[in-house]
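A.B. asks: fold the following, please.
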Amino acid sequence: MSIISLTTQHNVAVLTLTNGENRQNPQFAHQLKQALAEVVENLTAFSYASDRCH
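C.D. replies: Model (predicted):
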């Protein structure tokens, strides 16, 4: 079960905690790390595309 939801709104990454009490534990840390890696990956792709548009 995913405890973190990642969405983007107007080029802003939004992480939503979706597990009730949202306790910090190894599962939370793992999913947060994955979500942040996805944010960085998307930011890198966006930056690369923006650089090519100019």
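A.B. asks: hey, let's count contacts and neighbours off CA atoms from now on
C.D. replies: Noted.
A.B. asks: near residue 35, how many other residues are there?
C.D. replies: Here the number of neighbours of residue 35 (other CA atoms under 10 Å) works out to 19.
A.B. asks: any idea which element the spatially most central residue of the chain lies in?
C.D. replies: Central residue of the chain (CA atoms, centre = their mean): residue 35, 3.7 Å from the mean position. Counting by DSSP states H and E, the element that carries residue 35 is helix 26-53.
A.B. asks: right, and residue 18 touches residue 3 too?
C.D. replies: Yes. The criterion here is CA atoms under 8 Å, and residue 18 meets it with residue 3 at 5.0 Å.
A.B. asks: who's more crowded, the two?
C.D. replies: Between residue 18 and residue 3, counting by other CA under 10 Å, residue 3 is the more crowded of the two (15 against 12).
A.B. asks: give me the pLDDT for the more buried one.
C.D. replies: Reading off the confidence values, residue 3 has pLDDT 89.
A.B. asks: who touches it in this structure?
C.D. replies: Counting by CA atoms under 8 Å, 6 or more residues apart in numbering, residue 3 touches 17, 18, 19, 22, 28, 31.
A.B. asks: let me see the contact set for the first one.
C.D. replies: What that stands for is residue 17. Contacts of residue 17 by CA under 8 Å, 6+ apart are 3, 4, 5.
A.B. asks: give me the secondary structure label for the nearest residue to the last one once chain neighbours are set aside.
C.D. replies: Put plainly, it is residue 5. Residue nearest to residue 5 in three dimensions, not counting chain neighbours: residue 16, with 5.0 Å by CA to CA, 6 or more residues apart in numbering. Put simply, residue 16 is strand when judged by DSSP: H, G, I helix; E, B strand; the rest coil.
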